[in-house]
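K.L.:
return a 3D structure for these sequence lines:
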Amino acid sequence: MFTTKEYLFTFFLILLISSDLMSQERSGFYQSNYAGVSSININPARANAHFPLKWDLNLVSAGLFFQTNYAYLEDASIWSISNISDLQESTPENNSQNNSLASFYDYDDGTRKKFVSENITIAGPSFLLNLEDHTFGIFTNVRNYLGVNRVNPSFNYASYREIPDQEYIAINPFKIGLINWSEIGLHYGRKINSNLSVGANLKYLNVYDAMFVNGQSTVQMAKEGDDLLFQNIDIQFGTAGNLDVNDDEEVAYSFDKNGSGIATDIGINYILPSNNNAPYKLSIGASLTDLGFINIKRKAGVYEIATDIPFNIRTNDLKDIMDHEEVISIIRSQTAEGDPSLGSFYNSTEDDKFKMWLPVGFALQADFAFTQNLFVSANVVRRVRLKGAMAERSNIFNISPRFESRWIDFMIPFTIVNDSEVNYGAAIRLAFLTIGTDNIQSFFGQKELNGTDIYASIKINPFNLSFEKNSKFKPDRAKTKSSISCPKF
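P.N.:
Here you go, the predicted structure:
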């Protein structure tokens, strides 16, 4: 079995490598007025307020986002990861060998709370119908979300290895959550008046994998050689999944349904009209997304340990063990070895089912229109913390200037992830094809590569401008035949 350091970095590296297959909030998908069915995922009222066409059909979309401030690759890009053959920790000894074939990694030594955030979304066939004051839609998604937030900076390995043995550090309450699921949803939006629109999505979920770890109170922990010393603990963890590893360490996966869930998105949008030829002066919106939960009833195990009796975890006993249930059994037995006279209680329970909250987020949107083609949007997404097991959402702040027309969009998003990591990107839509990234520097090489982001979509909507929705918001703001008056003689 890996050491803690090896496991965390290997996990980080695997996620970066997987980026070559195919975003957090995918700026290029939802900010344009032509986003159509894609826009309802961030605010269900936006399509009714903004989309100028009669209908929108998404054929397929995909996006991946990953970022952490725990570790990074030195002088690397997404393209160079697949060529890594000799990966070494960046130390004075390794760097002094002048090995031109080696790649190096290191650990962030900042004092900020640590996070790991990952989000993969594949959108299948989805359709939006725009009937003037009403919008109707149906959509399908396959989604993956990992949220690790608010981790004590002392657990950054650069800091952790400098802590002397038997010097206790405080581990504050934290949440770790992972969910893999598919969803099918129905959408409805309504225009209340010429300025105000509301909307909602209702989603049914099939859940394949889920995992959580909840640190429910402050824990005092120290290290002593390879052992971990605890003064107390109050932790709950659960897992259910379809990943199997046999005795030969061969990995197999099956898409078995292990649970289900329901969720909703709700939103509101208000438009301030323009005094010039712009479609509006300002559009502002607010939404609550992924408000829902999952129930896991198959292949599930839930464990809780709470005690104020000091105990030790002998990590050497956990080496080379691949079965997670055996690891849990060893940890539970070691927590029970403490001297009862040094504490007042010990409680250990287990169950075969659990519930988890989805990554609930509260979002605000603002879109400024300067001309009929030039816009600047600002978007804020904040995680909503709920009691119990949860895959927590990342906090996002985004500003994106863009050029927009019927057949082409171009935008340059600037994004701050979890109030700390700054990214910039680019996205373009050419008719029915959209491709973009909110982290373009990860493709051209960074001194410290700690994440990536990419998204793309193919969709179909009306070819002829005469199919436009009959409203004062026109795609190219050009007059159609019906709007041109005949000369009088």
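K.L.:
residue contacts, the closest residue to A170 other than its chain neighbours?
P.N.:
Using C-beta to C-beta, 6 or more residues apart in numbering and skipping residues adjacent in sequence, the residue nearest A170 is T218, 5.5 Å away. From N, CA and C alone the C-beta is placed, and that goes for glycine too. Taking C-beta atoms under 8 Å, 6 or more residues apart in numbering, we find T218 in contact with A170, I171, N172, P173.
K.L.:
any chance of TSV for these, columns pLDDT, distance to N379 and neighbour count?
P.N.:
Listed next are those as TSV, based on pLDDT from 0 to 100; distance: C-beta to C-beta, whole Å; neighbours: other C-beta atoms under 10 Å:
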residue	pLDDT	distance to N379	neighbour count
A170	88	35	10
I171	86	33	19
N172	87	29	13
P173	89	29	13
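K.L.:
check these and tell me the two furthest apart.
P.N.:
A170 and P173 (10.5 Å; C-beta to C-beta).
K.L.:
please enumerate the strands of the stretch 101-250 of the chain.
P.N.:
For the stretch 101-250 of the chain, applying DSSP state E, counting those that start in this stretch gives strands covering 103-107, 114-123, 126-131, 134-151, 169-171, 174-191, 196-215, 219-224, 227-230, 233-240, 243-245.
K.L.:
quick one: which of these is nearest N258?
P.N.:
The nearest among the strands of the stretch 101-250 of the chain, by C-beta to C-beta, is strand 233-240 at 4.9 Å.
K.L.:
show me where pLDDT drops low in the chain?
P.N.:
1-29, 92, 94-102, 110, 245-249, 322, 464-489 (pLDDT under 70).
K.L.:
not counting its neighbours along the chain, what's nearest N119?
P.N.:
F65 (4.6 Å).
K.L.:
hang on, the earlier thing: pick the one among the contacts of T218 closest to S333.
P.N.:
Taking the contacts of T218 together and measuring to S333 by C-beta to C-beta, the closest member is I171, at 21.4 Å.
K.L.:
distance of the closest one from V219?
P.N.:
Using C-beta to C-beta, to the nearest Å, I171 is found at 4 Å from V219.
K.L.:
next: N193.
P.N.:
54 Å.
K.L.:
equivalent analysis for I266, please.
P.N.:
37 Å.
K.L.:
what's the answer for N130, then?
P.N.:
Applying C-beta to C-beta to N130 and V219 gives a distance of 53 Å.
K.L.:
list the contacts of the most centrally placed residue in the chain.
P.N.:
By C-alpha atoms, centre = their mean, the chain has its centre lying nearest to N119, at 3.5 Å. Each residue near N119 by C-beta under 8 Å, 6+ apart is listed here: S23, Q24, G63, L64, F65, F66, R143, N144, Y145, L146, S394.
K.L.:
same check, this time on V381
P.N.:
E25, I42, G361, F362, A363, R393, S394, N395, I396, F397.
K.L.:
can you give me the helices for the stretch 201-350 of the chain?
P.N.:
For the stretch 201-350 of the chain, the helices defined by DSSP state H, counting those that start in this stretch cover 324-335.
K.L.:
between N193 and V219, who's got more neighbours?
P.N.:
V219 (20 against 8; other C-beta atoms under 10 Å).
K.L.:
would you confirm that that one contacts F230?
P.N.:
Yes - using C-beta atoms under 8 Å, V219 is in contact with F230, at 6.6 Å.
K.L.:
phi, psi for the residue nearest to A170 please.
P.N.:
The phi and psi torsions at T218 (degrees, to the nearest 10) take the values phi -70, psi 130.
K.L.:
about what we covered before: export the contacts of V381 to CSV and tack on distance to S405 and secondary structure?
P.N.:
Shown next, in CSV, are those (distance: C-beta to C-beta, whole Å; DSSP: H, G, I helix; E, B strand; the rest coil):
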residue, distance to S405, secondary structure
E25, 23, coil
I42, 22, coil
G361, 30, strand
F362, 32, strand
A363, 26, strand
R393, 33, coil
S394, 32, coil
N395, 32, coil
I396, 27, strand
F397, 27, strand
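K.L.:
now the buried members of the residues you listed.
P.N.:
Buried subset of these (neighbour count, 16 or more other C-beta atoms under 10 Å): E25, I42, G361, A363, R393, S394, N395, I396, F397.
K.L.:
okay, the residues you listed in a markdown table with distance to I331 next?
P.N.:
Formatted as a markdown table, the buried ones among the contacts of V381 follow (distance: C-beta to C-beta, whole Å):
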| residue | distance to I331 |
| --- | --- |
| E25 | 37 |
| I42 | 40 |
| G361 | 33 |
| A363 | 39 |
| R393 | 29 |
| S394 | 29 |
| N395 | 32 |
| I396 | 35 |
| F397 | 39 |
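K.L.:
list the buried residues of the strand or helix carrying D56.
P.N.:
Using DSSP states H and E, D56 sits in strand 55-68. Buried positions in strand 55-68, judged by neighbour count with 16+ other C-beta under 10 Å: W55, D56, L57, N58, S61, A62, G63, L64, F65, F66, Q67, T68.
K.L.:
farthest pair within the residues you listed?
P.N.:
Maximum pairwise distance among the buried residues of strand 55-68 (C-beta to C-beta): 39.9 Å, between W55 and T68.
K.L.:
ok so, going back, what is the nearest of the buried residues of strand 55-68 to Y280?
P.N.:
Nearest to Y280 among the buried residues of strand 55-68: D56, at 19.8 Å, using C-beta to C-beta.
K.L.:
which residues are in contact with the closest one?
P.N.:
Residues near D56 by C-beta under 8 Å, 6+ apart: G36, V37, A47, F127, L128, N130, K459, I460, N461.
K.L.:
how much space separates it from D209?
P.N.:
The gap separating D56 from D209 is 31 Å, by C-beta to C-beta.
K.L.:
for G185, same thing?
P.N.:
G185 is 20 Å from D209, by C-beta to C-beta.
K.L.:
and the spatially closest residue to T135 that is not a sequence neighbour, what are its bridge partners?
P.N.:
Setting aside the residues directly before and after it, T135 is nearest to G189 in space (C-beta to C-beta, 6+ apart), at 3.9 Å. With DSSP bridges as the criterion, G189 is bridged to T135, G199.
K.L.:
please begin residue numbering at 683 from this point
P.N.:
Done: numbering now begins at 683, and the last item shifts to G871.
K.L.:
need the nearest residue in space to T997, chain neighbours excluded.
P.N.:
D908 (5.0 Å).
K.L.:
residues near the nearest residue to I1012 once chain neighbours are set aside, how many?
P.N.:
Once flanking residues are discounted, I1012 sits nearest to D999: 5.7 Å by C-beta to C-beta, 6+ apart. Neighbourhood size, D999 [other C-beta under 10 Å]: 15.
K.L.:
I'd guessed D999 sits against Q1016; true?
P.N.:
Yes - between D999 and Q1016 there is a contact at 7.5 Å, judged by C-beta under 8 Å.
K.L.:
OK, contacts around D757?
P.N.:
Residues counted as contacts of D757 (C-beta under 8 Å, 6+ apart) are F786, G1127, Q1128, K1129.
K.L.:
among these, which pair sits farthest apart?
P.N.:
Taking C-beta to C-beta as the measure, the contacts of D757 reach their widest spread between F786 and G1127, a distance of 14.0 Å.
K.L.:
higher neighbour count, the two?
P.N.:
For F786 and G1127, the more surrounded residue by other C-beta under 10 Å is F786, and the numbers stand at 18 against 13.
K.L.:
how far away is the nearest residue to that one once chain neighbours are set aside from A840?
P.N.:
Nearest non-adjacent residue to F786, counting by C-beta to C-beta, 6+ apart: S772, 4.0 Å away. According to C-beta to C-beta, S772 stands 11 Å off from A840.
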